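> A predicted structure for the sequence below; I have some questions about it.
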Amino acid sequence: MIDQFAGDREPVAVILAGIKDDRSRQNSRQPILTADQSMEELAQLARTLGWEPRGTVLQERDAPDPQTYLGKGKARELADLVFSQEASFVIIDGALSPAQARNLEELTGVPAMDRAELILRIFASRAMTREGKLQVELAATRHRLSRLAGYGTEMSGLGGGIGTRGPGEQKIEVDRRLLRDKIAKLNRELRKVQQVRTEQRKKRKQSGIPVVSLVGYTNAGKSTLFNALTEEESYSDDRLFATLDPWVRKWELPSGQVILLVDTVGFIQGLPHELVAAFRSTLEESVDADVIIHVIDTSSSVWEQQMSTVEGVLSDLGVSERPRINCFNKIDLVSPDLAVAILRENRPSVAVSALKRAGLAELTDAVVRLLSETRTTVTWFIPYSAYDTVYEIRRLGSVFEERPQEDGVWITCALSPADARRIRKKLGVEES
Ligand SMILES: Nc1nc2c(ncn2[C@@H]2O[C@H](COP(=O)(O)OP(=O)(O)OP(=O)(O)O)[C@@H](O)[C@H]2O)c(=O)[nH]1
Ligand SMILES: [Mg+2]
């Protein structure tokens, strides 16, 4: 792409705009950042793509204007700013309807995109594996289709009587069909790729190697921690969303025990729901771990909000009860007093600096402790008369060895302490 050779050329200038509707924000479940904080995050997202935010227009109003998102006067102000700053894009911190996007483009003379489109672009530029690329393309296509749906209703409102279909509407119908076909095709391809992944995951489970995953808000420092713990290089960057595809690596504990560490894509507020859907399977896999390490950027002024966004996603995925460590990262950037207070209020937790490699031993200890609580290895003799228990064990835990005898089978397996207790009682066996 030409942009790569930009060298001494001016960076792409953008203007950000949004509405300040803090009251409706507080009432809705999702957005927990204030309008200003959300706008600052939007600026950081734009910088992720190498763009330069050169101005912001924030208007106080209860709801977006149906025609131009901002009110008429503010929209004109936006147009002036675009002109004086020679901006190439307008980015809206919200969701634009097709009509709003078109009207804003007409007013300002440059394309207008919304938060979802910006995030989609970032994901597209970060996707590395085949699955990641397919997921982003699927999400972008779904997003385009949902916008076309808007066009349809708008046009029928303007059009003649019921039953008349203008040429524009027919074209939209064709476009819609093309997009639907594409979505079906992408879904088919994705399913094939995911079958391979499911196989790998099954093998991993059968191996009985414990899995620990790093989750957290974007930019929290997951990849830096991942590298620090596994002492190898993976792509870490100052920009948001440096990691798109989960990454699995061996992590050897001081005891010599080997576990698998999974790095994941960062969560973010207002992730377009097309993207959440597309990444669900990836996320599900990465949170299907024995222990979850929730990495928090303690130096962020909004770490508490980021933390609850992540907790919300974890509970949506049904894993809020999974053994978890809150890992307060970037502790080198905050005052020791604050660090102590945070740790006291958020137990169980550890404080680390992934960058300075501080506190990693404490984190490792915490992981070892939780892992030993999550699985116990037992060896039992199960008579053939109770063979259904063997099926139960295979389903619940990892079987390391089965030695068939004349009247039953010796089985060595790892189970959660609760399952182990229950089955032990059922079998009436002694402590092994
Ligand atoms: N000062 C300081 N900076 C850190 C620390 N850990 C990470 N960083 C910096 O924070 C930025 C983001 O780190 P990443 O490891 O890429 O963050 P991430 O959570 O993987 O981000 P995504 O993959 O985008 O979700 C990088 O510039 C890191 O150098 C830390 O302990 N202290
Ligand atoms: Mg990362």
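Perfect, thanks for sending it. Predicted model, so just to flag it, every value in this text is computed and none were measured. Ligands and ions are numbered 1, 2, ... in the order given.
> backbone phi and psi for Arg126, please?
Phi and psi for Arg126, reported as degrees, to the nearest 10, are phi -100, psi -20.
> mind checking pLDDT for it?
At Arg126, the model reports a pLDDT of 75.
> ok, it to ligand 1 distance?
Distance of Arg126 to ligand 1, given as CB to the nearest ligand atom, to the nearest Å: 8 Å. Every residue, glycine included, has its C-beta placed from N, CA and C.
> go on, Ile411?
From Ile411 to ligand 1 the distance is 40 Å (CB to the nearest ligand atom).
> residues in contact with that residue?
By CB atoms under 8 Å, 6 or more residues apart in numbering, Ile411 lies in contact with Thr379, Trp380, Phe381, Ile382, Val390, Ile393, Val399, Glu401, Glu402, Arg403.
> from those, which is closest to ligand 1?
Among the contacts of Ile411, Val399 lies closest to ligand 1 (CB to the nearest ligand atom), at 34.7 Å.
> please name the nearest non-neighbouring residue to that closest one.
Closest residue to Val399 apart from its sequence neighbours, by CB to CB, 6 or more residues apart in numbering: Cys413 at 4.6 Å.
> tally up the residues packed near the one you found, please.
When neighbours are defined as other CB atoms under 10 Å, Cys413 has 24 of them.
> could you look up the SS state of it?
strand (DSSP: H, G, I helix; E, B strand; the rest coil).
> that one pairs with what?
Per DSSP bridges, the residues bridged to Cys413 are Val378, Val399.
> now it: how far from Arg375?
10 Å (CB to CB, to the nearest Å).
> poorly predicted segments of the chain, please.
1-9, 22-32, 149-168, 205-208, 232-246, 270-274, 277-278, 281-282, 285, 430-432 (pLDDT under 70).
> centroid residue for it?
Phe267 (3.6 Å; CA atoms, centre = their mean).
> now do the phi/psi pair for it.
phi -80, psi 160.
> residue ranges of the helices in the stretch 201-350 of the chain, please?
Remark: helices assigned in the stretch 201-350 of the chain by DSSP state H, counting those that start in this stretch are 222-230, 273-287, 303-316, 336-345.
> got the angle for the last one vs helix 303-316?
Direction vectors for helix 336-345 and helix 303-316, defined by axes from the mean of the first three to the mean of the last three CA atoms, to 10 degrees, enclose an angle of 30 degrees.
> contacting residues around helix 336-345?
The list of residues contacting helix 336-345 from outside it, by CB under 8 Å, 6+ apart, reads Thr298, Phe328, Ile331, Ser349, Val350, Ala351.
> my guess is the first one meets Asn326, correct?
No - counting by CB atoms under 8 Å, no contact exists between Thr298 and Asn326, whose distance comes to 10.3 Å.
> tell me which of the two has more neighbours.
Neighbour count, other CB under 10 Å: between Thr298 and Asn326, Thr298 has more, with 24 against 21.
> which residues does the closest residue to Thr68 other than its chain neighbours contact?
Excluding the flanking residues, the one nearest Thr68 by CB to CB, 6+ apart is Ala75, at 4.4 Å. Ala75 is in contact with Asp65, Thr68, Tyr69, Leu104, Leu107, counting by CB under 8 Å, 6+ apart.
> can you report how many residues neighbour Leu204?
Careful, residue 204 is Arg and not Leu. Arg204 has 16 neighbouring residues, counting by other CB under 10 Å.
> the closest residue to ligand 1 within the stretch 251-400 of the chain and Leu178, how far apart?
Across the stretch 251-400 of the chain, the shortest distance to ligand 1 (CB to the nearest ligand atom) belongs to Gly266, at 2.2 Å. Counting by CB to CB, the gap from Gly266 to Leu178 is 32 Å.
> compare these two (neighbour count), which wins?
Gly266 (22 against 12).
> thought that one was touching Gly216?
Yes - the criterion here is CB under 8 Å, and Gly266 meets it with Gly216 at 6.5 Å.
> wait, the residue nearest to the centre of the chain sits on Asp316?
No - at 10.5 Å, Phe267 does not count as touching Asp316 under the criterion of CB under 8 Å.
> could I get the helices of the stretch 201-350 of the chain in a markdown table, plus columns for mean neighbour count and distance to ligand 2?
Shown next, in a markdown table, are the helices of the stretch 201-350 of the chain (neighbours: other CB atoms under 10 Å; distance: least, CB to the ion, whole Å):
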| stretch | mean neighbour count | distance to ligand 2 |
| --- | --- | --- |
| helix 222-230 | 22 | 3 |
| helix 273-287 | 19 | 12 |
| helix 303-316 | 17 | 14 |
| helix 336-345 | 12 | 22 |
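> distance to Arg126 for those helices - can I get that in CSV?
Output for those, formatted as CSV (distance: least, CB to CB, whole Å):
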stretch, distance to Arg126
helix 222-230, 12
helix 273-287, 12
helix 303-316, 18
helix 336-345, 30
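> please parse the protein into its domains.
According to automatic domain parsing, the chain comprises the domains 2-123, 127-192, 209-373, 375-427.
> before we move on, back to that, shared neighbours, Gly266 and Gly216?
Between them, Gly266 and Gly216 share these contacting residues under CB under 8 Å, 6+ apart: Lys222.
> please narrow the contacts of Ala75 to those residing in strands.
The subset of the contacts of Ala75 located in strands under the criterion DSSP state E is empty.
> just the closest of those residues to ligand 1, please.
Nearest member of the contacts of Ala75 to ligand 1, counting by CB to the nearest ligand atom, is Tyr69, at 28.0 Å.
> if the closest one is in a bridge, with which residues?
Beta-bridge partners recorded for Tyr69 (DSSP bridges): Asp65.
> that one - how many residues pack around it?
28.
> and it, how far from Ala99?
Distance of Tyr69 to Ala99, computed by CB to CB: 10 Å.
> and if you look at Ala289?
For Ala289 relative to Ala99 (CB to CB), the value is 44 Å.
> so between these two, which is more surrounded?
Ala289 (24 against 15).
> wait, what's in contact with the closest residue in space to Lys356 that isn't next to it in sequence?
Nearest non-adjacent residue to Lys356, counting by CB to CB, 6+ apart: Asp332, 5.1 Å away. Listed by CB under 8 Å, 6+ apart, the contact set of Asp332 reads Ser353, Leu355, Lys356, Ala358.
> contacting residues for the last one?
When the contact criterion is CB under 8 Å, 6+ apart, the partners of Ala358 are Ile331, Asp332, Val352.
> I'd say His67 and Ser97 touch.
Quick fix: residue 67 reads Gln, not His. No - using CB under 8 Å, Gln67 is not in contact with Ser97; the gap is 9.4 Å.
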